[in-house]
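[1] pasting the sequence and the predicted coordinates here, then a few questions.
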Amino acid sequence: MIKKVVGASLIGTTVEWYDFFLYGSAAALVFNKLFFPTADPLNGTLLAFTTYAIGFLARPLGGVVFGHFGDRLGRKKLLVLSLLLMGGATMLMGVLPTYASVGILAPILLTLLRLVQGFALGGEWGGAVLIVSEHGDTKRRGFWASWPQAGVPCGNLLATAVLAILAAVQSDEDFLAWGWRIPFLLSGVLVVIGLWIRLTVSESPIFLAAQEKRAKEPVQEKAPVLVLLKHNWREVLIAMGARFAENVSYYVITAFILVYLTTGLGLSKSVGLNAVLIASAAHLVAIPIWGHLSDKFGRRSIYLIGAVGIGVWIFVFFPMLDTKDPVLITVAATVGLVLHGAMYGPQAAFFSELFGTRVRYSGASIGYQLASIAAGALAPLIATALLKAYGSSFPISIYVVITCVITVVAILLSRETRGADLEDRDRVGV
C-alpha cells in the first residue's frame, strides 16, 4: 500500500510542479516578450517575474482553505481538486492571446490564471506529503515522505525537457509565435494520468482514526487554523524559517539562472535549459537519499548540511556561470541542487512530525506556503533587481547567505522530530 500511495503522490506532484515551473521558465524566456514587451529586456523580465511572484501570494490562501477542509474531510479529496485546478489553469494559459492581439487584457488574464495555479499548489503540497507520511512507518518516514518532494525535480525536469526540445528543433521565431504553447497544452494529458492514479489510493488511516475519535466528542473543536494559531504558532514559525534558504536557493538556481545566462551573459537559452535539465535529474536522485539519511541521522543534522552548504556554494556558483563554459555551468547548477536536496529531502517528514493530526494539513501547508511569499516569490525579482542595480552577482550571493542564516537559526531552535509517532500526536498542541 505504501508504494502505491507514494507512486500516486509522486505522479500528482510531478504534474502540479510541471505546471508551476513551466510558468517560471516561460516568464524568463517568453512572457517578457509576448505579454510585457518593453524597450529594456530586464524591465520586461521584471514584469514577467512580478506575475510569477503573484502566484505565490495565492499559495497561503490555498494552504488555509485546503488545510481546513483537508483536516476536516480528508487528504485524498483535496488532492484531486488541486490537480484539476492546476491543470485547468495551465491549459488555458496555452490558448491565451498575447499583448500584440488584445493589449493589456493579455497580462491581466495571465495573472488571473497564475493566481489559480498558486491557490491549487498551496493545497497540493500538504496533502501529498501527509498522505504518505501517515501511511508510512516511523523508521522509514523520511525516505517515503521524500518521494512526493521528488515531484519537484520531476516536474521541473519535465518542463525544462519539453522547453529544451522545442528550443532545439524550432527557430526562435517559431518558438515565440506558437511553440511555447505546446508545453502548456500538454498539461491536459498529464492531468488525466495523474487523476487516474490518484483516485485509486485509500485515505490516510491515521486521519480516519482521528476523524472517528472526533465524531464521538460532545463538543466540536474550532476551525483547524484557529486551533493551530493558538497552540502551534511556534511550529509554524519554525517551518517558515526552515523554508527560507531552501526556497530562495531553489529559484535562484533554476529560474534566475536563465535570466543571468541569457540577459546577463548573452548566452543561448539552451545552455541554461540543458544545465537545469541535468541538475534536476541529479536532484531527483539526491532527494530520497537525503530523506533516507534523515531517518538515520535526524532531520535537523541533514537540514543543516543543506543550509550551510548552499551558503558556501553560492560564492562558487556565480563565478562558474561567469566562465560561460556549459560544462561548468551544469556542474554549478547540479551541486547547488544536490545541496538543496539536503533541505528538501527531510522537509516533508520534518513538517509532518511538527504538528498533531487534527491540524497537520493546516500546519504543514500554512508554514510551507507563507514562507513562499517572502522567499520563493521574491527570489527571482530580488535577484534580477540586484543584477540590474549593481551589474554583479556578489549582492545576489549575499542575499542567499542571509536566507541561509535564517534557516540555520530556525533549525537550531527546533526539536529533533525523527521517530515521532504520528498516531500519538492526535492531541492538539503536542
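    Yes, it's here. Numbering: from 1, shown residues only.

[2] tell me the contacts of residue 18?
    The neighbours of residue 18, taking Cβ atoms under 8 Å, 6 or more residues apart in numbering as the test, are 154, 155, 156, 158, 159, 187, 190. Every residue, glycine included, has its C-beta placed from N, CA and C.

[3] report pLDDT for the spatially closest residue to the fourth one that is not a sequence neighbour.
    Which is residue 158. The spatial neighbour of residue 158 that comes closest, neighbours along the chain excluded (Cβ to Cβ, 6 or more residues apart in numbering), is residue 18 at 4.8 Å. With respect to pLDDT, residue 18 has a value of 84.

[4] adding secondary structure, write the contacts of residue 18 out as JSON lines.
    Output for those, formatted as JSON lines (DSSP: H, G, I helix; E, B strand; the rest coil):
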{"residue": "154", "secondary structure": "helix"}
{"residue": "155", "secondary structure": "helix"}
{"residue": "156", "secondary structure": "helix"}
{"residue": "158", "secondary structure": "helix"}
{"residue": "159", "secondary structure": "helix"}
{"residue": "187", "secondary structure": "helix"}
{"residue": "190", "secondary structure": "helix"}
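
[5] which of the residues you listed count as buried?
    Neighbour counting by 16 or more other Cβ atoms under 10 Å classes 154, 155, 156, 158, 159, 187, 190 among the contacts of residue 18 as buried.

[6] surely the fifth one touches residue 28?
    No - no contact is recorded between residue 159 and residue 28 when judged using Cβ atoms under 8 Å, the distance being 11.9 Å.

[7] work out for me the element the residue nearest to residue 158 sits within.
    helix 2-26 (DSSP states H and E).

[8] that helix: what's the following helix or strand?
    helix 32-34.

[9] report all helices and strands that the helix or strand following that following helix contacts.
    Next helix or strand after helix 32-34 toward the C-terminus (DSSP H and E): helix 41-73. Applying 3 or more Cβ pairs under 8 Å, 6 or more residues apart in numbering; DSSP states H and E, one finds that helix 41-73 contacts helix 2-26, helix 32-34, helix 75-93, helix 105-133, helix 224-231, helix 360-374, helix 379-390.

[10] in JSON lines, list those helices along with distance to residue 319.
    Output for the helices and strands packed on helix 41-73, formatted as JSON lines (distance: least, Cβ to Cβ, whole Å):
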{"stretch": "helix 2-26", "distance to residue 319": "24"}
{"stretch": "helix 32-34", "distance to residue 319": "26"}
{"stretch": "helix 75-93", "distance to residue 319": "36"}
{"stretch": "helix 105-133", "distance to residue 319": "33"}
{"stretch": "helix 224-231", "distance to residue 319": "43"}
{"stretch": "helix 360-374", "distance to residue 319": "28"}
{"stretch": "helix 379-390", "distance to residue 319": "15"}
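
[11] right, so the ones you listed: which one is the most enclosed?
    Of all these, helix 360-374 has the most neighbours on average by mean count of other Cβ atoms under 10 Å, namely a mean of 27.

[12] that helix - what's its average pLDDT?
    Here the average pLDDT along helix 360-374 is 83.

[13] what sits closest to residue 25 if chain neighbours are left out?
    Nearest one to residue 25, counting by Cβ to Cβ, 6+ apart, is residue 163 at 5.5 Å.

[14] what about the one you found, helix or strand, and which?
    helix 151-169.

[15] re the thing from before, and the angle from the helix holding residue 18 to helix 75-93?
    30 degrees (axes from the mean of the first three to the mean of the last three Cα atoms, to 10 degrees).

[16] so residue 143 makes contact with residue 295?
    Yes - look at residue 143 against residue 295 with Cβ under 8 Å: they come within range, at 5.7 Å.

[17] show residues contacting stretch 277-294.
    140, 142-147, 149-150, 152-154, 156-157, 160-161, 164, 253-254, 301-303, 306, 330, 333-334, 336-338, 340-342, 344-346, 348-350, 418.

[18] hmm, back to that, and the residue nearest to residue 158, how close does it get to residue 155?
    Relative to residue 155, residue 18 is positioned 4 Å away (Cβ to Cβ, to the nearest Å).

[19] return the distance of residue 134 relative to residue 321.
    Where residue 321 is concerned, residue 134 sits at a distance of 41 Å (Cβ to Cβ).

[20] same deal with residue 62?
    Distance from residue 62 to residue 321, by Cβ to Cβ: 33 Å.

[21] go on, residue 49?
    For residue 49, the distance to residue 321 - Cβ to Cβ - is 18 Å.

[22] returning to that earlier point: what about the contacts of stretch 277-294, which are in helices?
    142-147, 149, 152-154, 156-157, 160-161, 164, 301-303, 306, 330, 333-334, 336-338, 340-342, 344-346, 348-350 (DSSP state H).

[23] returning to what we had before: residue 49 and residue 321: which is more packed in?
    residue 49 (29 against 23; other Cβ atoms under 10 Å).

[24] quick one, what contacts the more buried one?
    Contacts of residue 49 (Cβ under 8 Å, 6+ apart): 27, 28, 380, 381, 384.

[25] that one - nearest residue in space that isn't next to it in sequence?
    residue 380 (4.6 Å).

[26] again with residue 164
    Nearest one to residue 164, counting by Cβ to Cβ, 6+ apart, is residue 273 at 4.2 Å.

[27] same deal with residue 98?
    Per Cβ to Cβ, 6+ apart, closest to residue 98 is residue 34, 4.4 Å.

[28] shaky segments in the chain?
    38-39, 41, 136, 214-222, 423-430 (pLDDT under 70).

[29] for residue 192, see how far away residue 339 is.
    Counting by Cβ to Cβ, the gap from residue 339 to residue 192 is 35 Å.

[30] and the two? which has more neighbours close in?
    Counted by other Cβ under 10 Å, residue 339 and residue 192 do not tie: residue 339 has more neighbours, with 26 against 13.
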